[in-house]
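Q: everything below, folded, please.
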Amino acid sequence: MTDILKQLNDSIQKHIRPQTYPLAIRMVEPGEDLPERVKRPLRDLGIKSAICQGIGLARKYGWAMALGHEDISCPLAKSAFGFEPLVEHFTSGCCCEGMYTETADAGAKTESELPKFSFRQYEYFLTAPIERTTFEPDVFLVYGNSAQVMRLLAGSLWKPGGYLTSRFSSRLDCADICIETMHTQKPQVILPCYGDRLFGQAQDDEMAFAFPAAHASDLIAGLEGTHKGGIRYPIPTYMRFTAEFPEKYQELEKYWKEE
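A: Just a heads-up that it's a prediction; the model follows:
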């Protein structure tokens, strides 16, 4: 593991304490070799996988996962990630109509705003726990509860200040995690989508935080700086108060005073 990956993993483990592995993600270009000891869903597990499912396997099992065209089960992810060309059935909103939107026109608007890669721009979606990463990442991803994501947000704003803006649609959070982050080169708060909850096993108390690889050093500094400033996880509770008790309990004080 390179120094920056070790520093980032150590910082996340110290300040965030996630229950699943923090991940590195890379989009592998055509002709680029995959690292050794990477699992492919179809070849190694005998299944096809959604991208959110591959992320779930990596963050819960600690596996390095690579998903190419033949590995991916989700038609929407194939469209967004450019593993298949965009077709009218998708762009016209038919995949949204009646499920996520009332009409196909509304669905077409949703699909037009979905972040996408160009057709065959990349050959594989590759992810692995940061501590086991042997490739140059494009994006880092951490799942946690809302307090842990808030803590990551605070760290990411340590240097620039201001606010972070993220987009949500309740579907295809894999595109938000990877494509949106790579396109904007800005951190993203991730609300797990319906598919991530169904196939990726994201839980009701989980959110996620994605950030570009170039942001890693600033986040490390931000987590340490905000920690010194008193912003910490687990969130400390205020306990310097005198508690109130039921009247029957308080009557005991009368007997002691009489004695």
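
Q: can you map out the helices along the stretch 151-259 of the chain?
A: 173-174, 181-184, 194-198, 216-228, 247-258 (DSSP state H, counting those that start in this stretch).

Q: for the spatially most central residue of the chain, list the residues it contacts.
A: In the chain, the residue lying closest to the centroid (Cα atoms, centre = their mean) is Ala208, at 3.6 Å. Going by Cβ atoms under 8 Å, 6 or more residues apart in numbering, Ala208 touches 141-144, 149, 173, 177, 189-190, 192, 202. Just so you know, the C-beta spots here come from the backbone N, C-alpha and C atoms, and that holds for glycine as well.

Q: before we move on, back to that, and the helices of the stretch 151-259 of the chain, which is most packed in?
A: Counting by mean count of other Cβ atoms under 10 Å, helix 173-174 has the highest mean neighbour count of the helices of the stretch 151-259 of the chain, with a mean of 27.

Q: any idea of the mean pLDDT in it?
A: Averaged over helix 173-174, pLDDT sits at 98.

Q: which strands and helices sit next to that helix?
A: In terms of contacts (3 or more Cβ pairs under 8 Å, 6 or more residues apart in numbering; DSSP states H and E), helix 173-174 is packed against helix 51-61, helix 194-198.

Q: who's in contact with the longest one?
A: When you say that, I think you mean helix 51-61. Helix 51-61 has contacts (Cβ under 8 Å, 6+ apart) with 20-23, 39, 41, 49, 63-65, 67, 71-74, 77, 81, 125, 127-129, 141, 143, 173-174, 177-178, 192-193, 195-196, 199-202.

Q: of the helices of the stretch 151-259 of the chain, which is nearest Phe117?
A: Minimum separation from Phe117 across the helices of the stretch 151-259 of the chain (Cβ to Cβ) falls at helix 181-184, 8.4 Å.

Q: give me the residues contacting that closest one.
A: The set of residues external to helix 181-184 that reach it, using Cβ under 8 Å, 6+ apart, is 27, 115, 138-139, 187-188, 210-212.

Q: go on, stretch 72-79?
A: Stretch 72-79 has contacts (Cβ under 8 Å, 6+ apart) with 47-53, 69, 81, 83-84, 86-87, 90, 95, 116, 125, 171-172, 174-175, 195, 199.
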